[in-house]
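# fold the following for me, if possible:
(one chain, ligands or ions: 1)
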Amino acid sequence: MLLRLPTSVSEAQECMAQGAVPIGGATLVWATWQRDGFPELAMSLRDLPEATAVEPESMGAAVVLHRIDDRVPTVLREAAGSVGTGAVRRTATVGGNLVGSSLRCLLPAALVLEARATVLGPDRAYETDLAEVMAKRHLLLGLRWHTPLASGYRKQPAAAGGPPPLVVATAVHADGEGRRRLRVAVRDGYEVLSETTTCDAGAEGALGTLEGTDIGALPPGARDVVREQVADILGPLAGR
Ligand SMILES: Cc1cc2nc3c(=O)[nH]c(=O)nc-3n(C[C@H](O)[C@H](O)[C@H](O)COP(=O)(O)OP(=O)(O)OC[C@H]3O[C@@H](n4cnc5c(N)ncnc54)[C@H](O)[C@@H]3O)c2cc1C
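Just a heads-up that it's a prediction; the model follows:
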């Protein structure tokens, strides 16, 4: 296997045109490749500046999870910190988690941040939504978002080898006229659902609206966690 390390977007495009398989930390692909054989050509984005930056409102796809710190919103930092073990987090990347993994602990966080994805197409880099990136398994270069007023993340404890633990991510955003909206994303099993509601009337008003959405159809235990997370995020914002 030849591993290419493009240092510019145009070089990455060349690699893509030659059929290079994207690779992050190889925490998922290594075992499969050892079993089924290695691809002829792979490409890592770890030397591409656009894919390695961590900033308050953006993050590259080649960023290793353990580099995600308090430069980014709480929800993203805590999501990254909840993935696997320290050894996995020192190797696994944002792109591998969002595009390659079935658990995708980063996805609920990215959804509540209303993150947009920058992907590399055959002739240019362009912005799209997360659903398209995952459905089409685009080559992800990075994510971009606006800093929320507040955000939170909760992952329930999980038994090893058991079903994926419940994840609830929340973020409150302000629009240009001072109105606030609450985004909630829930991973229940392997499914991730997300909803938005206004929250100027406080936690009870927001929860009432959410009850009428798919969140209201979650099992009672999951709805209790959503209630707690919504109260936790909106409580301190009341009156501010
Ligand atoms: C012990 C263990 C525990 C784990 N626990 C969790 C957990 O709690 N939560 C969780 O969410 N995940 C968990 N995982 C999965 C983990 O998230 C993935 O292993 C990791 O994120 C994959 O990242 P990687 O960079 O190593 O991807 P790789 O193995 O390098 O690649 C995986 C796939 O993603 C593709 N890919 C990589 N980068 C890009 C890109 N930029 N654009 C498009 N496609 C790309 C590759 O082509 C490949 O198909 C765990 C894994 C292990 C081994």
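
# need the residues of this protein near the ligand, please.
With CB under 6 Å from any ligand atom as the criterion, the chain comes near the ligand at residues 21-29, 45, 61, 83-85, 88, 91-93, 95-97, 99-101, 103-105, 139-140. Placement of C-beta: from N, CA and C, glycine included.

# which among the residues you listed end up buried?
Buried by 16 or more other CB atoms under 10 Å: 21-29, 45, 61, 83-84, 91-93, 95-97, 99-101, 104-105, 139-140, out of the residues of the chain next to the ligand.

# take the residues you listed and keep only those in helices.
Assignment to helices by DSSP state H places the following of those there: Val29, Gly95.

# next up, the contacts around Asp129.
Neighbouring residues of Asp129 by CB atoms under 8 Å, 6 or more residues apart in numbering: Arg116, Ala117.

# please redo it, this time with the cut-off set to 6 Å
Residues near Asp129 by CB atoms under 6 Å, 6 or more residues apart in numbering: none.

# give me the mean pLDDT for stretch 37-56.
For stretch 37-56, mean pLDDT rounds to 98.

# pull the CA atoms of it into PDB?
This file holds the C-alpha atoms of stretch 37-56, laid out as PDB (Å, rounded to 0.1, in the frame of the first residue of the first chain):
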ATOM      1  CA  GLY A  37      -6.000  -7.100   2.100                       C
ATOM      2  CA  PHE A  38      -4.700  -3.500   1.900                       C
ATOM      3  CA  PRO A  39      -5.800  -1.000  -0.800                       C
ATOM      4  CA  GLU A  40      -3.100  -0.100  -3.300                       C
ATOM      5  CA  LEU A  41      -3.300   3.600  -2.500                       C
ATOM      6  CA  ALA A  42      -4.400   5.400   0.600                       C
ATOM      7  CA  MET A  43      -4.300   9.100   1.600                       C
ATOM      8  CA  SER A  44      -4.000  10.700   5.000                       C
ATOM      9  CA  LEU A  45      -5.000  14.400   5.500                       C
ATOM     10  CA  ARG A  46      -2.700  14.800   8.500                       C
ATOM     11  CA  ASP A  47      -0.300  17.200   6.600                       C
ATOM     12  CA  LEU A  48      -3.100  19.200   5.100                       C
ATOM     13  CA  PRO A  49      -3.500  22.500   7.000                       C
ATOM     14  CA  GLU A  50      -7.200  22.800   6.200                       C
ATOM     15  CA  ALA A  51      -7.800  19.400   7.800                       C
ATOM     16  CA  THR A  52      -5.700  19.700  10.900                       C
ATOM     17  CA  ALA A  53      -6.700  23.100  12.500                       C
ATOM     18  CA  VAL A  54      -8.700  23.400  15.700                       C
ATOM     19  CA  GLU A  55     -10.400  26.800  16.100                       C
ATOM     20  CA  PRO A  56     -13.300  28.100  18.100                       C
END
